[in-house]
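>>> Quick one: sequence and predicted model below, then my questions.
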Amino acid sequence: MKSVYITANGGPEVLQLQERPDPEPGPGQVRVRVKAVGVNFADILMRMGLYPGAPAFPFVPGYEAAGIVDAAGEGVAHLREGDSVVVPTNFGGYTDTLVADAAQVFRLPKGKSLEAGAALAVNYMTAYLALVDQGNIRKGRKVLIHSVGGGVGIAAVQISKIYDAEIFGTASASKHDFLRKQGVHHCIDYRTQNFEKEVMKITRGGGVDIALDPVGGSSFSRSYRCLTKTGKLIIYGFSAASTGRTRKIINTAWQWLRTPSFSPFDLMMNNKGVIGLHLGRMTDKPEVYSEAMTQLVKWWEEGLIEPVVGATFPLELAGKAHEYIQSRQNIGKVVLTIK
């Protein structure tokens, strides 16, 4: 099998394609010939040495893949050879072949592409857990979504629409027309506008019920101030720490210093909540994955959600995919493809 390894901290050039023997499925496992791999910002942070808990070098990054089952181990009944599936992975996704526990492999709805399948697991599970499980979204709520043009952002828009939410989103102006068509009611250009002032002006000082923030630094403070009473800030990333192709210690330290500490008494007196979400740290709770993926596949079958693939790159050009995301060009998911 061929896999892309991160061989050291650094720029996209540290991603190297290497070959290993094919794995064999054990009891309760299936082997999948991967055709599409989702690229996530977490992969970039791993490459830059900014991702806590990443394995020792060299290792294969990647949290999601889609492909065709080609072998099943003893005791597997619900999957068979030829099934098109989505596989959430705990690292190891940048490959053309993988073995996974069958209980955590999900069949694609009929007629759906493998590229779209590779865009489902991480982005939509993150958005689902943030909005439904942790955010307790209800009909008509106001939701602020940062980086709304990215994979998680678009997933959050689509899920928010299911609940008839009023959607506020931050993105560069070039993406606004597309995002309005997706259902964003209020597009805010984070490069030229102060999103806190814009949100409070539009809501007449009322604020939003849920804010999803993967940016970090001072953005956490401003998102918190955008909340109404009983509002919740869901933090699930720290993209402000990565500017450029390689790690910059001064920038990372500066962003860290700008990150707020939330006092329990302040939270209590303001009736607000701050909640952290790290999908990669939930692998010990497979029932959470299963519940979320089951609901998401159902919504996909019903046409309520539809993953948006913004760009594809061959597996061997994974470095180019990283550069594309870091340049903030992508609208929707970036996917690696394998022939």
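Arrived safely, thanks for sending.
>>> give me the low-pLDDT residue ranges for the stretch 201-339 of the chain?
The stretch 201-339 of the chain contains residues with pLDDT under 70 at 240-252, 254, 256.
>>> mind listing the strands for it?
Applying DSSP state E, counting those that start in this stretch to the stretch 201-339 of the chain gives strands spanning 208-213, 227-235, 273-276, 309-314, 333-337.
>>> Save these as CSV, and put in distance to Glu196 and mean neighbour count too.
(Glycine included, C-beta is placed from N, CA and C.) Below are the strands of the stretch 201-339 of the chain laid out as CSV (distance: least, Cβ to Cβ, whole Å; neighbours: other Cβ atoms under 10 Å):
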stretch, distance to Glu196, mean neighbour count
strand 208-213, 10, 27
strand 227-235, 11, 20
strand 273-276, 16, 16
strand 309-314, 28, 17
strand 333-337, 28, 26
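>>> if we compare these, which one ends up closest to Pro52?
strand 273-276 (12.5 Å; Cβ to Cβ).
>>> May I see the strands of the stretch 201-339 of the chain organised as CSV, with distance to Thr89 added?
Output for these, formatted as CSV (distance: least, Cβ to Cβ, whole Å):
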stretch, distance to Thr89
strand 208-213, 23
strand 227-235, 23
strand 273-276, 22
strand 309-314, 18
strand 333-337, 13
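>>> out of the ones you listed, which comes closest to Ala116?
Comparison of the strands of the stretch 201-339 of the chain against Ala116 by Cβ to Cβ identifies strand 309-314 as nearest, at 6.1 Å.
>>> right, and the strands of the stretch 201-339 of the chain - which one's nearest Val87?
Going by Cβ to Cβ, the one of those nearest Val87 is strand 333-337, 13.9 Å.
>>> What pairs with that closest one, parallel or antiparallel?
Using DSSP bridges, strand 333-337 pairs in its sheet with strand 29-39 (antiparallel), strand 309-314 (parallel).
>>> Turn those into CSV, including distance to Pro61.
As requested, the strands paired with strand 333-337 are exported to CSV (distance: least, Cβ to Cβ, whole Å):
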stretch, distance to Pro61
strand 29-39, 9
strand 309-314, 14
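>>> quick one: which of those is nearest Arg281?
Nearest to Arg281 among those is strand 29-39; the distance by Cβ to Cβ comes to 18.1 Å.
>>> then that closest one to PDB, C-alphas only?
Output of strand 29-39 as PDB, limited to C-alpha atoms (Å, rounded to 0.1, in the frame of the first residue of the first chain):
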ATOM      1  CA  GLN A  29     -12.400  -5.700  10.900                       C
ATOM      2  CA  VAL A  30     -12.600  -4.800   7.200                       C
ATOM      3  CA  ARG A  31     -10.000  -3.800   4.700                       C
ATOM      4  CA  VAL A  32     -10.900  -0.800   2.600                       C
ATOM      5  CA  ARG A  33      -9.300   0.200  -0.700                       C
ATOM      6  CA  VAL A  34      -9.400   4.000  -0.300                       C
ATOM      7  CA  LYS A  35     -10.400   6.200  -3.200                       C
ATOM      8  CA  ALA A  36     -10.800   9.600  -1.400                       C
ATOM      9  CA  VAL A  37      -9.300  11.200   1.700                       C
ATOM     10  CA  GLY A  38     -10.500  14.200   3.500                       C
ATOM     11  CA  VAL A  39      -7.900  16.900   4.300                       C
END
